[in-house]
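Undergrad: just coords:
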Ligand code: OGA
Ligand code: MN
């Protein structure tokens with residue numbers, strides 16, 4: 001496995017960042033089938049598979065004091081990611097480069113990035129939700145990166161993205177290996193349909209530096 005940050009279209013590739021910036025400005029979201037070099041994707045997949053089962057915790061809703069686990073809303077399990085392995089480092093470096101590129105182009109003022117591995121056991125789902133409520137969170141941009149080597153249409157687990165205005169389905173995204181989805185956190189209701197096989201992803205959020213400590217999202 002290569003630990004070098006080598007990508008199809010890697011950091012410093014203005015074209016890819018330009019493509020993402022244009023799409024975010026025009027549509028508010030983008031689906032990239034192959035954002036990262038395959039070696040980097042393989043590395044992340046191996047990392048994820050080597051995490052101890054017990055380290056994955058039931059995902060909750062809300063932050064800090066209002067955190068609660070509600071199995072009717074979501075039934076995935078998560079494990080926060082730091083730069084503890086070369087592959088995780090490559091991923092976080094890529095997100096850092098994307099952050100700088102988007103700040104330069106769109107003046108989003110993105111400040112940091114947090115992400116976790118998510119594992120959806122067979123039958124797991126995440127009901128329709130938004131990742132941030134206007135004015136109440138510092139999450140600005142959501143990312144989901146998929147780590148499922150073989151995923152067929154019948155396997156379910158699609159990410160459904162809804163139109164913020166009409167509530168019509170905009171996209172049904174298969175969680176295919178190496179695919180990256182980026183969308184404005186406050187704008188797009190979305191859900192994860194029940195998966196027929198175990199489903200792996202890295203969900204992440206670019207945040208602005210909220211000055212109100214009471215409303216700020218903690219790092220974990
Ligand atoms: C989330 C989320 C989508 C996905 O974790 O908030 O919406 O496709 N994930 O895994
Ligand atoms: Mn979400």
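TA: Received it, and whenever you're ready, just let me know what you need. Values in this document were obtained by computation on a predicted structure and should not be read as measured data. Ligands and ions are numbered 1, 2, ... in the order given.
Undergrad: and the lowest-mean-pLDDT helix or strand in the chain, which strands flank it?
TA: The helix or strand of the chain with the lowest confidence, counting by mean pLDDT, DSSP states H and E, is strand 57-58 at a mean of 87. Take DSSP bridges as the rule and strand 57-58 pairs in its sheet with strand 77-80 (antiparallel).
Undergrad: tell me how far the partner strand is from the chain's mean position?
TA: Computed by C-alpha atoms, centre = their mean, to the nearest Å, the chain-centroid distance of strand 77-80 equals 12 Å.
Undergrad: helix or strand right after that strand?
TA: Per DSSP states H and E, the first helix or strand lying C-terminal to strand 77-80 is helix 86-106.
Undergrad: tell me which residues in that next one are buried?
TA: Under the neighbour-count criterion of 16 or more other C-beta atoms under 10 Å, helix 86-106 has 86-88, 90-92, 94-95, 97-99, 101-102, 105 buried. Where you see a C-beta, it was placed from the backbone N, CA and C, and this is true even at glycine.
Undergrad: now it, how far from the chain's geometric center?
TA: The chain centroid and the centroid of helix 86-106 are separated by 13 Å, computed with C-alpha atoms, centre = their mean.
Undergrad: which strands or helices does that helix pack on?
TA: If you count contacts as 3 or more C-beta pairs under 8 Å, 6 or more residues apart in numbering; DSSP states H and E, helix 86-106 packs onto helix 14-26, helix 38-50, strand 112-120, strand 139-146, strand 199-207.
Undergrad: quick one: these as JSON lines, columns for distance to residue 186 and mean neighbour count too.
TA: Shown next, in JSON lines, are the helices and strands packed on helix 86-106 (distance: least, C-beta to C-beta, whole Å; neighbours: other C-beta atoms under 10 Å):
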{"stretch": "helix 14-26", "distance to residue 186": "13", "mean neighbour count": "15"}
{"stretch": "helix 38-50", "distance to residue 186": "27", "mean neighbour count": "18"}
{"stretch": "strand 112-120", "distance to residue 186": "16", "mean neighbour count": "21"}
{"stretch": "strand 139-146", "distance to residue 186": "7", "mean neighbour count": "23"}
{"stretch": "strand 199-207", "distance to residue 186": "11", "mean neighbour count": "23"}
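Undergrad: just put the ones you listed in TSV and tack on distance to residue 165 and mean pLDDT.
TA: Below are these laid out as TSV (distance: least, C-beta to C-beta, whole Å; pLDDT from 0 to 100):
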stretch	distance to residue 165	mean pLDDT
helix 14-26	15	92
helix 38-50	34	95
strand 112-120	28	96
strand 139-146	18	96
strand 199-207	23	97
